[in-house]
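1. Pasting the sequence and the predicted coordinates here, then a few questions.
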Amino acid sequence: MSLRIELLNKSHIKSEFNCGHSSLDHYIKTQAKQDVNRDLSACYVLNDVHDKRVIGYYTLSSNAVLKDDFPITLQKKLPPAYTNIPTALLGRLAIDNQFKKKGFGELLLLDALKRCVELSKKLGILAVIVDPIDENAIAFYESYGFILIPSNGKMFIPIKTVAL
C-alpha cells in the first residue's frame, strides 16, 4: 500500500467508507464535499494512491471558544478584552473499520496538528479543539494530551504544546 494524505477531491472513493458511526460515515459520503465547496471546512483523506479508497479522514475549520470555557489557569493568561478565543477545530476524525488498530488514527491526528501549527504561524490560534463522539474518542485524545472542557464536553490542546 502506498498511502497519501490529501485534500478530498472527486477521485476519492467514499462510498465504501464504514467506521461504525453513522454520522461520520454519512458525512464523508454525502456532506464533506459540500462543506468544502462552501468554505466551511477542509477535509483531508488518507487513501491508497493506487485505488483512491478513503481509509480515513479528518476535517479542519476555524473556530472560537468562549474564554470562560477554558480552565481558570489559562483564562488568567489571556487579555480581559477577549471573550472569544481563536482556535482551530478538528471537527471529525474517522478510520474505516477495516483499517482500525493500525496506527492510522494517530497518523491523521498528527498530520492535522502539524497543519494547525503551520496555520498558527500566520493566524491567531490559541488551541486545537475536538468534539469527541464517544468515550473511546475521549480516551484517544487524552492519550495525546487533550484536556476536557467540562462545560461543553469538548477537548483542547494548546497550540504551544503541539508546537513543542
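-> Thanks, I have the structure now.
2. all strands of the protein, in order?
-> Under the criterion DSSP state E, strands of the chain are mapped to 3-7, 42-48, 54-66, 84-95, 127-130, 147-148, 155-158.
3. Redo these as TSV? Include mean pLDDT.
-> As requested, the strands of the chain are arranged in TSV below (pLDDT from 0 to 100):
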stretch	mean pLDDT
strand 3-7	96
strand 42-48	97
strand 54-66	95
strand 84-95	95
strand 127-130	96
strand 147-148	93
strand 155-158	95
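4. could I get these as a markdown table with mean neighbour count?
-> (Glycine included, C-beta is placed from N, CA and C.) As requested, these are arranged in a markdown table below (neighbours: other Cβ atoms under 10 Å):
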| stretch | mean neighbour count |
| --- | --- |
| strand 3-7 | 13 |
| strand 42-48 | 21 |
| strand 54-66 | 20 |
| strand 84-95 | 22 |
| strand 127-130 | 25 |
| strand 147-148 | 16 |
| strand 155-158 | 21 |
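5. In CSV: those, plus distance to Lys77.
-> Shown next, in CSV, are those (distance: least, Cβ to Cβ, whole Å):
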stretch, distance to Lys77
strand 3-7, 33
strand 42-48, 29
strand 54-66, 15
strand 84-95, 11
strand 127-130, 12
strand 147-148, 15
strand 155-158, 10
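6. So which residue is dead centre in this protein?
-> When the chain is reduced to its mean C-alpha position, the nearest residue by Cα atoms, centre = their mean turns out to be Leu90, at 2.3 Å.
7. give me every residue that touches it.
-> By Cβ atoms under 8 Å, 6 or more residues apart in numbering, Leu90 lies in contact with 58-60, 109, 112-113, 116, 128-130.
8. For beta bridges, what are the partners of it?
-> For Leu90, the beta-bridge assignment (DSSP bridges) gives partners Leu60, Val130.
9. Give me the distance between it and Thr83.
-> Noted for Leu90: a distance of 23 Å to Thr83, by Cβ to Cβ, to the nearest Å.
10. likewise Ala137?
-> Distance of Ala137 to Thr83, computed by Cβ to Cβ: 28 Å.
11. Could you do Lys10 as well?
-> With the distance defined as Cβ to Cβ, Lys10 ends up 41 Å from Thr83.
12. Between these two, point out the one with more neighbours.
-> For Lys10 and Thr83, the more surrounded residue by other Cβ atoms under 10 Å is Thr83, and the numbers stand at 10 against 7.
13. how near is that one to Phe70?
-> Looking at Thr83 against Phe70, where the rule is Cβ to Cβ, the gap reads 11 Å.
14. lowest-pLDDT helix or strand in the chain?
-> Comparing every helix and strand of the chain by mean pLDDT, DSSP states H and E singles out helix 72-75 as the least confident one, with a mean of 84.
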